[in-house]
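**Q** Provided below for reference: sequence and predicted model.
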Amino acid sequence: MHTQVPGLSPEARAAEKALFALADTGKAATAARYFQSSPGQYGEGDQFLGIRVPVIREIARQFNTLTLADCAALLQSPYNEVRLLALDVMVRRFTKGKADVQTAVYACFMQHRDRINNWNLVDGSAPYISGPYLLKRDRGILWELANSPELWDRRIAVLSTFAFIRAGDFNDALKLYAQLLTDPHDLMHKACGWMLREVGKRDEARLLGFLKTHYAALPRTTLRYAIEKFDAAQRRALLLGHFKD
């Protein structure tokens, strides 16, 4: 018997039931291991139904009239896939909405971000909600998130900058990554490296300049992720700290 979120609207309950109907215990166990949900791991306590992302997104399309209140309620589910569905609906609403709708979606996202508590949830929402919202607004909240003791707040900060990078705006993104070089968590090293790689796709010189400046402090994981698209010889040189003048 699956744990239902109490007090859902009829449509939100139908969306929840649609996911429950597709649950697969074998795949759920695999997902629980993959997302490290055991005690002491980063996803401790997260539960899974064992449903693939494309299927979740298809169900989200079927329930695209869910209200923000519905989404906020579904975010209280213990199941990762239910929360992912809610976030997918919110992303669609933000992307298609006018300014007032976007503001409401962003506010809901920030208010309930404690439930955006695994990397797939962050990565599927922050680049498409908080990032675009802050693109032409004050970005002070990103620095607050980056200084948070909560891993997922810090990852939201980094993944939000994907929207800036796509717009060719690298300055704040690079400042943020520099601040997070000493972050203790491997998931943050990977996130910063991934975003640096995205900078490099658009401005290789800017990426190389950052890597050269911060080489001594760069976590190896961050460096490896950042240079993944370079050829083998250049990767070897960069891993050794050999930069062309």
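**A** Okay, I see it. Residues are numbered from 1 along each chain as shown.
**Q** can you pull out the strands in this protein?
**A** Counting by DSSP state E, one finds no strands in the chain.
**Q** domain-wise, how is it divided?
**A** Structural domains assigned to the chain are 1-125, 136-245, following automatic domain parsing.
**Q** how long is the shortest one from one end to the other?
**A** Between the start and the finish of domain 136-245 there is a gap of 35 Å, counting by C-alpha to C-alpha, to the nearest Å.
**Q** same question for the longest one.
**A** For domain 1-125, the first and last residues are 29 Å from each other (C-alpha to C-alpha).
**Q** from the chain's centre, how far out does it sit?
**A** Offset of domain 1-125 from its chain centre (C-alpha atoms, centre = their mean, to the nearest Å): 13 Å.
**Q** let's have the domains of the chain in TSV, adding mean neighbour count.
**A** (Glycine included, C-beta is placed from N, CA and C.) Formatted as TSV, these follow (neighbours: other C-beta atoms under 10 Å):
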stretch	mean neighbour count
domain 1-125	17
domain 136-245	17
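**Q** tabulate these (TSV), appending mean pLDDT.
**A** As requested, those are exported to TSV (pLDDT from 0 to 100):
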stretch	mean pLDDT
domain 1-125	97
domain 136-245	97
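**Q** dump the residue contacts of residue 109.
**A** Applying C-beta atoms under 8 Å, 6 or more residues apart in numbering, we find residue 109 in contact with 90, 116, 125, 129, 130.
**Q** distance check, it against residue 238.
**A** Distance of residue 109 to residue 238, given as C-beta to C-beta, to the nearest Å: 36 Å.
**Q** quick one, phi psi at the spatially closest residue to residue 172 that is not a sequence neighbour?
**A** The shortest distance from residue 172 to any non-neighbouring residue, by C-beta to C-beta, 6 or more residues apart in numbering, is to residue 139 (5.8 Å). When read as degrees, to the nearest 10, the backbone of residue 139 gives phi -110, psi 20.
**Q** do residue 148 as well
**A** The phi/psi pair for residue 148 (degrees, to the nearest 10) is phi -70, psi 150.
**Q** got the contact list for the closest residue to it other than its chain neighbours?
**A** Of all residues not flanking residue 148 in the chain, residue 154 sits nearest, at 5.8 Å (C-beta to C-beta, 6+ apart). Residue 154 sits next to 145, 146, 148, 180, 183, 185, 188 when contact means C-beta under 8 Å, 6+ apart.
**Q** would you mind measuring from the second one to residue 71?
**A** Remark: distance between residue 146 and residue 71 (C-beta to C-beta) = 25 Å.
**Q** cool, and the fifth one?
**A** Plainly put, residue 183 is 29 Å away from residue 71 if you go by C-beta to C-beta.
**Q** for residue 53, same thing?
**A** 17 Å.
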